[in-house]
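Student: Have a look at this fold, sequence not included:
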């Protein structure tokens, strides 16, 4: 397939792809360490490791690598995926994107992950960053935390504060306006209007970030990934020391229902992926391993 | 709220509403009988009964009654709802509907149900019929069966044949063209393109049915409801005699995931309800009580 994508954008995409894949490797190594370190008394069994499955697109060209972990001691299920595509936008999708004009070619590269811990005391987390380009390129993404127990799902709960502090620091290093704007965007985005509740305690969300300086925007996106890699394992290390009750487990299975509802009803990545020939197995790996709606 | 709905349509709606509510009462009585009759050895505990919660719309006027059963011996969860509304369509919704023109007022009345049995040997079922009118009125709805085990999910499995025979008979009594058309419509509608699989073994689906003769269309819709009331309990009575394995239970929880994906990604009733001020508790009561995505 030939495209009209300019060579500078092709190079930017190559650099972003390399970063997303190296970030994936570092996150997976950290998770496998946590699997080994989780206290045996609370998390019996054998530490799990990731399995990686490459796939190629049925439409356009490109593909990705799906990273899967399931049935771990500490993590019940994780999907962590990188993908890169060259494709054509539908006219409808092109209208929603900058710089498309008459040109429907796009390139993309991304990392996305969702982690479902076994313990209801350990929060679920999502992180995704991506580079997308038509005749111009931009970054988007974010990270948000979803604690499972009501006492943890407040703005001043310790994990909420820790997570937001880390995201604020990543933002402030680049632009003092980023954190307030991107936190508000996450609050707005990760919300279930039919329930009138947020999915979790938020984080940051940004899209179509193009300051005119690729290096600056790329550095910010790298820092979001690095902040995630630092803070989430620290939260997990604290909470994995705590025992939990059957009642808390039941609460976790209910709260996971919000995750399912959000991802299938509202998540743009899920819709975009399913509509543009993405890989169903990787997209649907965000679904929790066990969920209840009582 | 005043509307431009003509008095003949108001009377048609009143009659359809009365039928849907009486059908609901007969179905609930039959289910409560099944709860009592299920063999104690396979289904320990106390037979469950329905709880009914009336609700009123936040937008427009009208409301409904949510019927809920959960934690039964035979049925893990059931939602059976009637609702009637007077409201205004958004211009976007009006474009998709007959007879709206400049008039955005609509009236509706409906029954909908989803039943999640505890045993993986007993199929899940959905039935919905409705009357909707702008300046003209029409019926829509259908019923489809979702067996949980691979051996049951074939066109020639006994429950598939029994269920389709009942729906065919209801159709054939009114028009020999109905069953082939409405079966194909169900096959097309209850399909998950991202997985390339059907939700279950189908049934019938129809919409915007207006032959020009209200009495004829109403009689057909009544017969679809009556056919459901006859056939589903008969299937349940047979399958509730069968023991099941842990492996079959695990398979059931996986197959229920298809139900969740369909209802949240594709079901028009879910979307219509959430977008038009429907009742979230009743709409979301279609979600299975326990689901897994391994």
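Tutor: Happy to help now that I have it. Treat the numbers as computed from the prediction; the structure is a model and nothing was measured. Numbering: from 1, shown residues only, chains lettered A, B, ... in the order given.

Student: Would you mind identifying the next helix or strand past the helix or strand hosting residue A:80?
Tutor: Here residue A:80, judged by DSSP states H and E, is contained in strand A:75-88. Heading C-terminal from strand A:75-88, the first helix or strand you meet, by DSSP H and E, is helix A:91-95.

Student: Residue A:40 belongs to a strand, doesn't it?
Tutor: No - secondary structure of residue A:40 (DSSP: H, G, I helix; E, B strand; the rest coil): coil, not part of a strand.

Student: Check which helices and strands the helix or strand hosting residue A:139 is in contact with.
Tutor: Using DSSP H and E, residue A:139 sits within strand A:137-146. Contacts defined by 3 or more CB pairs under 8 Å, 6 or more residues apart in numbering or on different chains; DSSP states H and E place strand A:137-146 against helix A:7-37, strand A:124-133, helix A:158-172, helix A:178-189, strand A:202-209, helix A:214-239, helix A:246-265. C-beta here means a position set from N, CA and C on the backbone, and glycine is covered the same way.

Student: what about stretch A:44-60, average pLDDT?
Tutor: Averaging pLDDT along stretch A:44-60 gives 91.

Student: How about the residues of the stretch 151-294 of chain A by chain B?
Tutor: A:193-195, A:253, A:257, A:260-261, A:264-265, A:274, A:280, A:283-285, A:287-294 (CB under 8 Å from any CB of the partner chain).

Student: Now with 6 Å, please.
Tutor: Selection of the stretch 151-294 of chain A residues close to chain B by CB under 6 Å from any CB of the partner chain yields A:194, A:264-265, A:274, A:280, A:287, A:290-293.

Student: Look up how far residue A:256 lies from the most centrally placed residue in chain A.
Tutor: Nearest to the mean C-alpha position of chain A, by CA atoms, centre = their mean, lies residue A:127 at 2.4 Å. As judged by CB to CB, to the nearest Å, residue A:127 and residue A:256 stand 18 Å apart.

Student: swap in residue A:136?
Tutor: With CB to CB as the criterion, residue A:136 and residue A:256 are 38 Å apart.

Student: do residue A:49 as well
Tutor: In this view, residue A:49 and residue A:256 are 24 Å apart by CB to CB.

Student: on that earlier part again, tell me which residues form a beta bridge with the residue nearest to the centre of chain A?
Tutor: Beta-bridge pairing of residue A:127 under DSSP bridges involves residue A:113, residue A:143.

Student: isn't it right up against residue A:227?
Tutor: No - counting by CB atoms under 6 Å, residue A:127 stays clear of residue A:227, with 9.5 Å between them.

Student: Most neighbours out of the residues of the stretch 151-294 of chain A next to chain B, which is it?
Tutor: Neighbour counts for those peak at residue A:291, which has 28 neighbours (criterion: other CB atoms under 10 Å in any protein chain shown).

Student: That one: which element?
Tutor: Per DSSP H and E, residue A:291 falls inside strand A:290-292.

Student: measure residue A:10 to chain B for me?
Tutor: Counting by CB to the nearest CB, to the nearest Å, the separation of residue A:10 from chain B is 30 Å.

Student: How about that residue: what's its closest non-neighbour residue?
Tutor: Excluding its sequence neighbours, the residue lying closest to residue A:10 (CB to CB, 6 or more residues apart in numbering or on different chains) is residue A:107, at 7.1 Å.

Student: any idea of the pLDDT on that neighbour?
Tutor: Residue A:107 is given a pLDDT of 92.

Student: Touching the helix or strand containing it from outside, list them.
Tutor: Element membership for residue A:107, per DSSP H and E: strand A:105-117. Residues from elsewhere that reach strand A:105-117, judged by CB atoms under 6 Å, 6 or more residues apart in numbering or on different chains: A:3-5, A:13, A:16-17, A:20, A:23-24, A:75-87, A:89, A:124-134, A:286, A:288-289.

Student: hang on, residue A:284 in a helix?
Tutor: Yes - Residue A:284: assigned to a helix according to three-state DSSP.

Student: Please report the distance of it from residue A:68.
Tutor: The value you get for residue A:284 to residue A:68, if CB to CB is used, is 11 Å.

Student: Pretty sure residue A:137 sits against residue A:9.
Tutor: Yes - if you go by CB under 6 Å, residue A:137 and residue A:9 touch, sitting 5.2 Å apart.

Student: who's more crowded, the two?
Tutor: Between residue A:137 and residue A:9, residue A:137 has the larger neighbour count (other CB under 10 Å), namely 25 against 19.

Student: which strand residues sit across from that one in the sheet?
Tutor: Applying DSSP bridges to residue A:137, the residues it is bridged with are residue A:133.

Student: how close does it sit to residue A:97?
Tutor: 11 Å.

Student: can you list the residues that contact the strand holding residue A:139?
Tutor: Under the criterion CB under 6 Å, 6+ apart, residues A:9, A:12, A:123-131, A:163, A:186, A:190, A:199-210, A:217, A:221, A:228 lie in contact with strand A:137-146.

Student: mind listing what's buried in it?
Tutor: A:137-146 (16 or more other CB atoms under 10 Å in any protein chain shown).

Student: wait, which of the residues you listed is closest to chain B?
Tutor: Ranked by distance to chain B (CB to the nearest CB), the buried residues of strand A:137-146 are led by residue A:146 at 16.3 Å.

Student: What distance do you get for that closest one to residue B:107?
Tutor: 40 Å.

Student: got it, and residue A:189?
Tutor: 35 Å.

Student: what residues are up against residue A:192?
Tutor: A:261-262.

Student: rerun that using 7 Å as the cut-off
Tutor: A:199, A:258, A:261-262 (CB atoms under 7 Å, 6 or more residues apart in numbering or on different chains).

Student: Could you list the low-confidence segments of chain A?
Tutor: Low-confidence segments of chain A, defined by pLDDT under 70: A:1-5, A:100-102.

Student: Of all the residues in the stretch 51-200 of chain A, which one is nearest chain B?
Tutor: Nearest residue of the stretch 51-200 of chain A to chain B, counting by CB to the nearest CB: residue A:194, 4.7 Å away.

Student: Which residues are in contact with that residue?
Tutor: Counting by CB under 7 Å, 6+ apart, residue A:194 has contacts B:274, B:280.

Student: same thing with residue A:75?
Tutor: Residue A:75 is in contact with A:31, A:35, A:48, A:69, A:115-118, counting by CB under 7 Å, 6+ apart.

Student: one step back: so for residue A:49 and residue A:256, which sits in the more crowded spot?
Tutor: It is residue A:256, of residue A:49 and residue A:256, that has more neighbours when counted by other CB under 10 Å, with 24 against 12.

Student: Verify the stated contact: the more buried one with residue A:291.
Tutor: Yes - judged on CB atoms under 7 Å, residue A:256 makes contact with residue A:291 at a distance of 4.6 Å.

Student: Verify the stated contact: residue A:66 with residue A:80.
Tutor: No - with contacts counted by CB under 7 Å, residue A:66 stays clear of residue A:80, the gap being 8.3 Å.

Student: Compare neighbour counts for those two and give me the winner.
Tutor: Neighbours were counted for residue A:66 and for residue A:80 using other CB under 10 Å; residue A:80 has more, 25 against 21.

Student: Quick check: that one vs residue A:24, distance?
Tutor: Where residue A:24 is concerned, residue A:80 sits at a distance of 6 Å (CB to CB).
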